[in-house]
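J.: below: sequence and its predicted model.
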Amino acid sequence: MKLGDFALDRINFEVAGGECIALVGPNGSGKTTLLESIAGIHQIGTGRIEINGVDVTRLAPENRKVGYVPYDCLLFPHLRVDQNIGFGLRNKDAIAKRQISEIMDWLDISHLKDRSTKGLSAGEKQKVALARALVRHPDVLLLDEPFSAVDANSRMQLVEDLQRILSQARSTYGYASVYVSHDLSEAQLMTSQVAIMNSGSVEHVGSWEETIRDPKSRFVAEFMGYNIIHGHIDSIENGFAIIEAEGQTLCAVSTGLMPGQDTIVVVKPQSISLSLDRSVRKKSWCHCKCNVIEGSVAAIRGKGSLAQVSIDAGFALSLNVGLDVLEELELGLGSKVFAQFKASDVTLLPAMTSSDQKISISYKEKGLDTI
Amino acid sequence: MKQKKASTFGILSGGCLIFLSLFLLVVIFSALMFTNPTTLGSALLSKEIHFAVALTLVTASIATLLALVVGIPAAYFLSRTEFIGKNMLDALINIPIALPPVALGTALLIFFTNTPVGSFIDNSIVRFVFEVPGIILAQFSVVSVLAVRLMKPVFDGIDPRYERIARTLGQSEFKSFVKVTLPLAKNGVFGAAVLAWARAMGEFGATVTLAGATRFKTETLSIAMFLNLSVADLDSAMAIILILLVLTVLVLFVSRKIVYRGAVTS
């Protein structure tokens, strides 16, 4: 699908009925365009979109039975809240009024019934837009960054509310949902599956657990905020790969890469522990094969109760540490420090991994398939 | 509160506005001063003036209605659709605005009298030349493009994503336009209609060329004024000016009120 100079390409995933998949990726990666293509707002040139086993690729948006909630809600300003919610209902009779009333009760927005859409808070607008989409009982619910306009204070409450509402709605009506977000932690709360987009393509599809544990490509690892180190496999010893990286020697569980091959070493920030000497700081790691890397603190950025610490060890390593640890180790800029992480927590990727791997994950029953 | 000191540019631009307002007021005031209340009263009561007022109101209203029927979809299409030759078409529909109305009337007259299609329409379907439908057509030709010009920016200002959302909520393209875009554009469309109507009320050049200037037949207010001036009946001409002035001020005042209220409440 092409939109000006932008094109969607190599997209293949399914969402089962009752499932919710997060569509994440950097700005401009095509998340909203893909969502709008599923909604029928953009026609795709080649490929196929199926909803409930029906090919809807050439169907107009009004015939697709999708519920779409855009990031800015787009409530119709000339209609009251209840009129907005009932906009998509074919009949305006007593049954429709009951449906509107029920969904408003369910989303706890009955008090807004006769209100104009002006003056609603961002959270209230989101709930009205969600009610407008849900009242028609769509087969697929498409949510585009629903919390982007909500201030930080109301955000957590709204995330919890929406999580509860969507989970109830999915189990009651069994529709599939696609949730676009750029906030990984928020997306993890709302969904069980994730599709990561990069430059118009879906780079990775899988469960959150699998994605966090085992990133399949350099892009996915970078997007997840993991440390990326370029290295070269020196040897394989007892099932462990010994890697030369910028003057340091690293150790990782061997994954089939051969000595002499270039590799990308992925280290999750949450797998790294800091110490002032070479001795392994975590007792549970004593019997594991550990990497202990000497470096110096290059930057410390405060982030609430956590601080992001960057270490220069010939390559950059970044991790989040609690302020208490920071105080205990008396870390400051230029402090000498040892970064420690288990060999089993290191992921090795071939140096040439790219997005050209074909991803196809199958689910059964109700689903949505964008190819 | 400290008063803001006026800048030179502010004084100059304010001065221009005052000059324009004074200029219009002086012209209108001098015309009114020339009027004799007794003769003006009898002119206002004359059957000719009554005929001209009725004919103008009817023809201008029909022409405006037709201009909206054609102009709203045309303006919407121009606003929403990208196609090859759009700029050329955009320029083409501006021709009636740039062309003197007399030239437009002449072109229409030639079409209906000297081309096979035009002659067929004029002889067999509707007679336009020197007839009342000719007045409506002349007014329509002038005001329809004006309406398109005025309404296109109104549609430009409405986020097309509202229509897309309406489509995902089960509405067809037409219903999305009627239920969402049109209500959102109503103030702008109403403003365009009022200006088009006011322009049609005062239309002269194209009307006199196509429909002629026949007393009690194609005698709109502006043609009646022309006919009275041509026989030096200044009192009747002044009565017509007064009527046009009152009607225009009334319409513009009321429409501004409505549009302003809409802008505040919607």
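T.: That came in fine, so what should we check first? Here the structure is a predicted model, which is why all the values come from computation and not from measurement.

J.: state the distance from residue A:27 to chain B.
T.: As judged by CB to the nearest CB, to the nearest Å, residue A:27 and chain B stand 18 Å apart. For every residue, glycine as well, the C-beta is placed using N, CA and C.

J.: neighbours of that residue, just the number please.
T.: Look at residue A:27: counted by other CB atoms under 10 Å in any protein chain shown, it has 7 neighbours.

J.: tell me who's in contact with the closest residue to it other than its chain neighbours.
T.: Take residue A:27 and drop its neighbours on the chain: the residue closest to it by CB to CB, 6 or more residues apart in numbering or on different chains is residue A:182, 7.0 Å away. Going by CB atoms under 8 Å, 6 or more residues apart in numbering or on different chains, residue A:182 touches A:24-27, A:145.

J.: what's the farthest-apart pair in the residues you listed?
T.: Using CB to CB, the contacts of residue A:182 reach their maximum pairwise distance at A:26 and A:145, which is 13.2 Å.

J.: now do the contacts for the residue in the stretch 1-150 of chain B that chain A sits nearest to.
T.: Residue of the stretch 1-150 of chain B nearest chain A, by CB to the nearest CB: residue B:82 (10.8 Å). Contacts of residue B:82 were listed using CB under 8 Å, 6+ apart, and none were found.

J.: which SS state does it fall under?
T.: Secondary structure assignment for residue B:82 (DSSP: H, G, I helix; E, B strand; the rest coil): coil.

J.: same deal with residue A:340?
T.: On the basis of three-state DSSP, residue A:340 is classed as strand.

J.: now for residue 12, how many residues are close by?
T.: In the absence of a named chain, this looks at chain A. Neighbour tally, residue A:12, other CB under 10 Å: 16.

J.: other chain: chain B
T.: 10.

J.: what about it, which SS state?
T.: helix.

J.: ok, it - contacts?
T.: With contact set as CB under 8 Å, 6+ apart, residue B:12 has no partners.

J.: please report how far it lies from residue B:96.
T.: Here the criterion is CB to CB, to the nearest Å. By it, residue B:12 lies 34 Å from residue B:96.

J.: likewise for residue B:140?
T.: 10 Å.

J.: hang on, residue B:165 in a helix?
T.: Yes - residue state for residue B:165 (three-state DSSP) corresponds to a helix.

J.: these two touch, right, residue A:81 and residue A:117?
T.: Yes - applying CB atoms under 8 Å, one finds residue A:81 in contact with residue A:117, separated by 6.3 Å.

J.: higher neighbour count, those two?
T.: Taking neighbours as other CB under 10 Å, residue A:81 and residue A:117 compare with residue A:81 leading, 26 against 21.

J.: what's the closest non-adjacent residue to the residue in the stretch 1-150 of chain A positioned nearest to chain B?
T.: Here the stretch 1-150 of chain A gets closest to chain B at one residue, residue A:88, 3.3 Å apart by CB to the nearest CB. Distances taken as CB to CB, 6+ apart place residue B:169 nearest to residue A:88, at 3.3 Å, with adjacent residues excluded.

J.: that neighbour contacts residue A:134, doesn't it?
T.: No - with contacts counted by CB under 8 Å, residue B:169 stays clear of residue A:134, the gap being 11.3 Å.

J.: mutual contacts of those two, please.
T.: Between them, residue B:169 and residue A:134 share no contacting residue, judged by CB under 8 Å, 6+ apart.

J.: more neighbours: those two, which one.
T.: residue B:169 (27 against 23).

J.: which residues does that one contact?
T.: A:62, A:87-88, A:132-133, A:136.

J.: ok, and the most crowded of those?
T.: That'd be residue A:132 among these, by other CB under 10 Å, with 30 neighbours.

J.: contacts only, for that residue.
T.: By CB under 8 Å, 6+ apart, the contact set of residue A:132 is A:75, A:84-85, A:87-88, B:169.

J.: the helices in the stretch 51-200 of chain B, which residues?
T.: Per DSSP state H, counting those that start in this stretch, the stretch 51-200 of chain B carries helices over the ranges B:86-92, B:95-98, B:101-114, B:116-120, B:132-156, B:161-168, B:173-176, B:182-201.

J.: weakest of those in terms of mean pLDDT?
T.: Mean pLDDT is lowest for helix B:95-98 among the helices of the stretch 51-200 of chain B, at a mean of 83.

J.: and stretch A:98-106, how far from the chain's centre?
T.: 31 Å (CA atoms, centre = their mean, to the nearest Å).

J.: so what does the residue of the stretch 151-300 of chain A found nearest chain B have for phi and psi?
T.: Using CB to the nearest CB, the closest approach of the stretch 151-300 of chain A to chain B is made by residue A:178 at 13.2 Å. Torsion angles at residue A:178 (phi, psi; degrees, to the nearest 10) stand at phi -120, psi 130.

J.: what is the burial count for residue B:20?
T.: With other CB under 10 Å as criterion, residue B:20 counts 10.

J.: compute the distance between it and residue B:26, please.
T.: Counting by CB to CB, the gap from residue B:20 to residue B:26 is 11 Å.

J.: how about residue A:158?
T.: From residue A:158 to residue B:26 the distance is 63 Å (CB to CB).

J.: one more: residue A:300?
T.: From residue A:300 over to residue B:26 the distance is 75 Å, taken as CB to CB.

J.: pick out whichever of these two has more residues nearby.
T.: Legend: neighbour count by other CB under 10 Å for residue A:300 and residue B:26, higher for residue A:300 (16 against 10).

J.: in its sheet, what does the helix or strand the more buried one falls within sit against?
T.: Using DSSP states H and E, residue A:300 falls within strand A:290-303. Strand A:290-303 sits in its sheet next to strand A:306-312 (antiparallel), strand A:336-342 (antiparallel), going by DSSP bridges.

J.: most neighbours per residue, which of these?
T.: strand A:336-342 (a mean of 20; mean count of other CB atoms under 10 Å in any protein chain shown).

J.: can you tell me what sits against it?
T.: By CB under 8 Å, 6+ apart, the list of residues contacting strand A:336-342 reads A:267, A:271-278, A:280-282, A:285, A:288-297, A:311, A:313, A:317, A:319, A:329, A:331.

J.: following that strand, which helix or strand comes up?
T.: strand A:346-350.
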